[in-house]
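A.B. asks: the amino acid sequence is not available; the structure is as follows:
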């Protein structure tokens, strides 16, 4: 039991993305433009927080309700809660949401105002991230109280045997005192046994909870000099609902594999083909030998996204030219396909921000149904997030929240706007690299910028 | 404590503590079945923790006044007290104080538990067990404080103490009935485990507590207190609106959901009183055997047909609240289909075992009851 009081925090692993568990979405709830941040709890069942900012003035009244993404639970939502409006900023509101099980959830954001009523669903993956340690002052306080209670029981039982049945003024005789002494030791033994069993129970509960803490999928790679890369996913054991044969396409691909050199000076955004459940293959382009970082984004049938990550050393690859939606860049670090309107700005920690980009010309084409794809990577590689202008939720999960809309997971227009934004909140202070990909004249162009978060 | 003409306020305070806890517990259970989610500061939780506060005030006053009080009254109180860690006071006050500390301990422990392992999925967790032990100790301490007072008192204060004893006896049945609630739901009324759970939980109190006050119809009156309290709180709760705040919501709920109609303990209560009266000179085992067997047989005789009745439309009213379900109850559950759960493995054994368990628990209860009758401090 004692080790639990001082147990170190387990490293924070996020199911979707890496080290970046919060969900940021920009979207329309009917006639209202909303920016939503959902911060899932670290323990499940737990309370997530939700922040909603409205672009409209006057802002609509907002109500929120969480419900499972799929299954019967998705059909029977509870009564929505009112999102409490900020006194300082009437366009901002915040609320809390109870997420009762690990898995794929959605939060329905209902906006009501002069222009009518609208609804926006935000996919939220929920997974227990860690066990919180007991800090020393609380541990000492509870330990002292437990000691008082344990000794107290022994004293109370002893006193009840020794004196409780005596008439007022009567003193206990020698046999009564001897009997109470025997009872004292018997009670002490019973209390010690109860404490021991209680400790075992606590350990069993903690160990049962540990089994529900999110364990990322493992990725094993194999590479041939000819460029054939094999990717095998392995489940180290987590909740039984996680399967590896239930992946669904996220803008047309079952896997988005991002490969980067540790210096983050160049990335490859590839889309391996599934050859068997949890087995993928990719034909690599020419790549210099060395160590690379790999992040594989997948989405399960229930909309639960995972990012599987590993490091791997590749031999020199003499492969073939990139095909289809596969891309790499930046070729020339100085050549920027876009203007980053917030370049040079220091960003806050956790707070939702809009990363704004503008194209000098309006000749951008949708790349996999999107105006752009952004990868946010912390320089120490502890954070990886794959964003779209709609936000950080995978489009495959967004599509599940709108089963009646066949275009829910896609950007609808053939022409993309010259200016677009990525909603995001940097999870921690540090130096980050932001890589953005757009498509122009049939070619994917990649721009890279450094960002400081303090 | 000194015997005066006025009944001491600290015993009323102890009774209020127990009442608050029992109301709070039922309110909280209904809260979880109707609304689903809560915070530390729900009224139901405040009612539960008020038990710790009132129990703490009552016990602290009794102990501090008995230990440090001046004058002949304090001297007399010290003569009728037990000593623990240099303090003097009634044994019941020390048990209540222990319960208060246990409840105090459970609050930060439970808060940390939620942060470490998530919000409550199970009712029985280590911090909840500490809370339950605290509650039970305040209940037991209150009973002992009133018993000690009753056993020393005479005249009108004795009669008042007897009534409070009966009331607290009823509260012990409410408490134990709440503890076994998950085993004795309406659809289980034709299951073996239903009768085994009742035989394990009830005879110790219903038979044991009837011994100490030495009044007529003690068991019957204790059973009536239990039934009126249980039925009353379940008549009152559905008067107040409530709607689920947790999903999925399989069953529409608009008001606080009651639990189930109380066990008809008044029937075995009458039989126990008659047996205790007839068997005054019997050895304890014989009394226990007769009372325990009567209890098991009468429970089966009255609860089995009550179960059949509860599943009929005749029970769909405010009085019997036969047709109730919490928001999580799916359409294919036995509750929604108004059916009994199928007989479990070992059904006959469970049913028969209640006829052995009830006399055994009655025998232990009689020992406790006779010990209570001798408590004077």
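C.D. replies: Everything's here; your move. Here the structure is a predicted model, which is why all the values come from computation and not from measurement.
A.B. asks: now residue A:96, nearest residue through space, not along the chain?
C.D. replies: residue A:47 (4.9 Å; C-beta to C-beta, 6 or more residues apart in numbering or on different chains). Quick note: C-beta positions are derived from backbone N, CA and C, even for glycine.
A.B. asks: that neighbour belongs to a helix?
C.D. replies: No - under DSSP: H, G, I helix; E, B strand; the rest coil, residue A:47 falls outside any helix and is assigned strand.
A.B. asks: quick check: pLDDT value at it.
C.D. replies: Residue A:47 carries a pLDDT value of 90.
A.B. asks: repeat that for residue B:2.
C.D. replies: pLDDT, residue B:2: 49.
A.B. asks: confidence-wise, which helix or strand of the chain is lowest on average?
C.D. replies: Just so you know, I chose chain A. None of the helices or strands of chain A scores lower by mean pLDDT, DSSP states H and E than helix A:2-5, at a mean of 37.
A.B. asks: oops, I was thinking of chain B
C.D. replies: Per mean pLDDT, DSSP H and E, helix B:72-79 ranks last in chain B, at a mean of 89.
A.B. asks: helices and strands around that one, which ones?
C.D. replies: helix B:43-68 (3 or more C-beta pairs under 8 Å, 6 or more residues apart in numbering or on different chains; DSSP states H and E).
A.B. asks: contacts only, for the residue of chain B most remote from its centre.
C.D. replies: Outermost residue of chain B with respect to the C-alpha centroid, by C-alpha atoms, centre = their mean, is residue B:71; its distance is 38.2 Å. By C-beta atoms under 8 Å, 6 or more residues apart in numbering or on different chains, the contact set of residue B:71 is empty.
A.B. asks: quick check: the residue nearest to residue A:96 vs residue B:246, distance?
C.D. replies: 11 Å (C-beta to C-beta, to the nearest Å).
A.B. asks: give me the low-pLDDT residue ranges for chain A?
C.D. replies: A:1-16, A:406-416 (pLDDT under 70).
A.B. asks: show me the domain layout of it.
C.D. replies: A:22-126, A:139-210, A:218-453 (automatic domain parsing).
A.B. asks: the second one: end-to-end distance?
C.D. replies: Read that as domain A:139-210. Terminal residues of domain A:139-210 are spaced 20 Å apart (C-alpha to C-alpha, to the nearest Å).
A.B. asks: sorry, back to before: next SSE after the least confident helix or strand of chain A?
C.D. replies: Going down the chain from helix A:2-5, the next helix or strand is strand A:23-29, by DSSP states H and E.
A.B. asks: how about the next helix or strand after that next one, which residues are buried there?
C.D. replies: Heading C-terminal from strand A:23-29, the first helix or strand you meet, by DSSP H and E, is strand A:32-39. The neighbour-count check on strand A:32-39 (16 or more other C-beta atoms under 10 Å in any protein chain shown) flags A:32, A:34-39 as buried.
A.B. asks: kindly report the same for stretch B:149-159.
C.D. replies: Those buried within stretch B:149-159 under the rule 16+ other C-beta under 10 Å are B:149-153, B:157-158.
A.B. asks: need the contact partners of the helix or strand containing residue B:270.
C.D. replies: Residue B:270 is located in helix B:266-278, with elements delineated by DSSP H and E. With contact meaning C-beta under 8 Å, 6+ apart, helix B:266-278 is reached by B:206-207, B:210-211, B:216-224, B:227, B:287, B:290-291, B:294-295, B:298-299, B:301-302.
A.B. asks: I'd like the next helix or strand past that helix.
C.D. replies: helix B:284-310.
A.B. asks: just the mean pLDDT for whatever helix or strand comes next after that next one, thanks.
C.D. replies: Per DSSP H and E, the first helix or strand lying C-terminal to helix B:284-310 is helix B:334-337. Averaged over helix B:334-337, pLDDT sits at 92.
A.B. asks: can you pull the contacts of residue 241?
C.D. replies: Using chain A here. Residue A:241 neighbours (C-beta under 8 Å, 6+ apart): A:103, A:302.
A.B. asks: hm, I was asking about chain B
C.D. replies: Contacts of residue B:241 by C-beta under 8 Å, 6+ apart are B:254-256.
A.B. asks: rewinding a little: buried residues in the helix holding residue B:270?
C.D. replies: Those would be B:266-276, for helix B:266-278 by 16+ other C-beta under 10 Å.
A.B. asks: check stretch A:125-137 too.
C.D. replies: Buried residues in stretch A:125-137, counted by 16+ other C-beta under 10 Å: A:125-134.
A.B. asks: surely residue A:279 is in contact with residue A:229?
C.D. replies: No - using C-beta atoms under 8 Å, residue A:279 is not in contact with residue A:229, being 11.8 Å away.
A.B. asks: more neighbours: which of those two?
C.D. replies: Shown here are residue A:279 and residue A:229; by other C-beta atoms under 10 Å in any protein chain shown, residue A:229 has more neighbours (23 against 14).
A.B. asks: closest residue of the stretch 251-377 of chain B to chain A?
C.D. replies: Nearest residue of the stretch 251-377 of chain B to chain A: residue B:374, at 4.4 Å (C-beta to the nearest C-beta).
A.B. asks: what about that residue, neighbour count?
C.D. replies: 12.
A.B. asks: where does it fall, phi/psi-wise?
C.D. replies: Dihedral angles of residue B:374 (phi, psi; degrees, to the nearest 10) stand at phi -100, psi -10.
A.B. asks: how about the nearest residue to it, chain neighbours excluded?
C.D. replies: residue A:165 (4.4 Å).
A.B. asks: picking up where we left off before, redo the buried residues of strand A:32-39 as CSV? Include distance to chain B.
C.D. replies: Below are those laid out as CSV (distance: C-beta to the nearest C-beta, whole Å):
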residue, distance to chain B
A:32, 24
A:34, 21
A:35, 24
A:36, 19
A:37, 21
A:38, 16
A:39, 15
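A.B. asks: check which helix or strand covers residue A:351.
C.D. replies: Per DSSP H and E, there is no helix or strand for residue A:351.
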